[in-house]
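Student: could you work out the structure for the sequence below:
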Amino acid sequence: MSKQFTYSISSIRFDENYQPADSTRLTTNFANLARGESRQENLRKTLTMINNRFNDLAHWDNPTADRYSVEVDIISADLDIEGNGNTFPVIETLKTTIIDHKENKRIDGMIGNSFSSYVRDYDFSIVLPEHFDNNPASPPPADFGDLHGKLFQHLLNSEVYQASFNKQPVICLSVSSSKVYQRTGNQHPVLGFEYKQDEYSLTDDYFHKMGLTVRYFMPSGSVAPLAFYFAGDLLRDYTDLELISAISTMETFQKIYRPEIYNANSTAAQVYQPSLKYQDYSLTQIVYDREERSQMAVTQGKFTEDEFIKPYLAILNEWAANYVVTSDTVQKEAVKKRAA
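Tutor: Have a look, this model is predicted:
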């Protein structure tokens, strides 16, 4: 049993020569950009946007706004369920490294940032639609996301993760277009103004099962808040430069993928509801196939069902039933307190 459910971690540099790995979900932001005739130009412009935004936020002792640059690595975690060497690509995230050209040194940035998961595709593109087809007026199943949440926390508790990274990940995503956000008086020097909402989204609940709490902040110079999913204390566990690396990386991807929200020509008001139907926005000079992305999520969900869920269903169910998520109760209590 000790060889079962073991992870291996690999990385590949996200640069202008990046080629997606065979196991990478093609709907992932960074993989979508690296396709087609414009692939190299897309990648070069994306990295430039990340660097410019980083220097904009890290403005102290940086008068010419070129002190820093950011390296981005794609971190892939593969799961060997039976201990026989056959693996399935369960999760991909991003790891940033900050280059300080003034001091000529490398600084650890954020681990997490983006979040890519085949099992999440299965849950949202296969399980959820089938459930609502049969039960249109009912809420999602009570166990929705349970397996995925346990797999994620099992990865974070694994020896290979803890040997590779010294902090918990922070995932930075778009806010939900179905919710209304209220700006508070709380302002962080890097993260900016905090927003709150009365009701969590389905994505928020899904990430809570992964042991992650969510807070929403709109950094200086941004036009909409971002959702930050984290374990522990977002404001104390990470340095300013780590937070800036997450903001600059993920705001760049959101400007490309959701320009209606993150590249809008007006700033989010005190009471704000994001909308993908908003018309007053600017497009980046980067080619991104959003329609294909939506269509392929179903294909990837079906792939996960055929190659991972069905073949290992009995093993997965037994493992999940016996796996105790030690931080789950703590995280739920933190979520309740945050919402109070």
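
Student: without its sequence neighbours, what residue ends up closest to residue 122?
Tutor: residue 304 (4.0 Å; C-beta to C-beta, 6 or more residues apart in numbering). (Each C-beta comes from the backbone N, C-alpha and C, glycine too.)

Student: for residue 194, see how far away that neighbour is.
Tutor: Applying C-beta to C-beta, to the nearest Å, one obtains 35 Å for the distance of residue 304 from residue 194.

Student: what is the rounded mean pLDDT of stretch 118-127?
Tutor: Confidence over stretch 118-127, taken as the mean pLDDT, stands at 94.

Student: start to end distance for that stretch?
Tutor: 13 Å (C-alpha to C-alpha, to the nearest Å).

Student: does residue 227 count as helix, strand or coil?
Tutor: Using DSSP: H, G, I helix; E, B strand; the rest coil as the criterion, the local structure at residue 227 reads strand.

Student: ok, it - contacts?
Tutor: Applying C-beta atoms under 8 Å, 6 or more residues apart in numbering, we find residue 227 in contact with 172, 173, 174, 175, 176, 203, 204, 214, 215, 216.

Student: looking at those residues, which are in helices?
Tutor: Helix and strand membership here follows DSSP state H; of those, those in helices are 203, 204.

Student: among the contacts of residue 227, name the ones in strands.
Tutor: Using DSSP state E, the members of those that fall within strands are 172, 173, 174, 214, 215, 216.

Student: measure the last one to residue 282 for me?
Tutor: Think residue 216. Separation of residue 216 from residue 282 (C-beta to C-beta) stands at 23 Å.

Student: so the two - more neighbours on which side?
Tutor: residue 216 (24 against 9; other C-beta atoms under 10 Å).

Student: that one contacts residue 173, correct?
Tutor: No - with contacts defined as C-beta atoms under 8 Å, residue 216 does not count as touching residue 173, sitting 10.2 Å away.

Student: so what sits against both of the two?
Tutor: 226, 227.

Student: am I right that the residue nearest to residue 122 is in a helix?
Tutor: Yes - in this structure, residue 304 lies within a helix as judged by three-state DSSP.

Student: so what's it up against?
Tutor: For residue 304, counting by C-beta under 8 Å, 6+ apart, the contacting residues are 118, 119, 121, 122, 126.

Student: repeat for residue 186
Tutor: Residue 186 neighbours (C-beta under 8 Å, 6+ apart): 193, 194.

Student: again, only using 6 Å
Tutor: Shown in contact with residue 186 (C-beta atoms under 6 Å, 6 or more residues apart in numbering): residue 194.

Student: likewise residue 298?
Tutor: Counting by C-beta under 6 Å, 6+ apart, residue 298 touches residue 125.

Student: now do residue 171
Tutor: Residues near residue 171 by C-beta under 6 Å, 6+ apart: 112, 115, 229.

Student: tell me how many other residues surround the closest residue in space to residue 167 that isn't next to it in sequence.
Tutor: Excluding its sequence neighbours, the residue lying closest to residue 167 (C-beta to C-beta, 6+ apart) is residue 111, at 6.3 Å. Residue 111 is surrounded by 23 other residues when neighbours are defined as other C-beta under 10 Å.

Student: can you check the one 10 residues further on too?
Tutor: The burial metric for residue 121, expressed as a neighbour count using other C-beta under 10 Å, is 22.

Student: equivalent analysis for residue 76, please.
Tutor: 19.

Student: you'd agree it is in a strand?
Tutor: Yes - going by three-state DSSP, the assignment for residue 76 places it inside a strand.

Student: show me what it is bridged to.
Tutor: Judged by DSSP bridges, the bridge partners of residue 76 are residue 10, residue 92.

Student: just the pLDDT for it.
Tutor: Here, the pLDDT recorded for residue 76 equals 92.

Student: closest to residue 258 out of the contacts of residue 171?
Tutor: When these are ranked by distance to residue 258 (C-beta to C-beta), residue 115 comes first, at 15.2 Å.

Student: ok, the closest one to residue 210 distance?
Tutor: Taking C-beta to C-beta, one finds residue 115 at 9 Å from residue 210.

Student: the more surrounded of these two?
Tutor: Taking other C-beta under 10 Å, residue 115 and residue 210 do not tie; residue 210 has more neighbours (26 against 21).

Student: quick one: contacts for that one?
Tutor: Applying C-beta under 6 Å, 6+ apart, the residues contacting residue 210 are 149, 152.

Student: run the chain-centre distance for stretch 43-56.
Tutor: Its chain's average C-alpha position is 18 Å from that of stretch 43-56, according to C-alpha atoms, centre = their mean, to the nearest Å.

Student: right, I mislabeled it, should have said stretch 51-61
Tutor: Mean-position distance between stretch 51-61 and its chain equals 22 Å (C-alpha atoms, centre = their mean).
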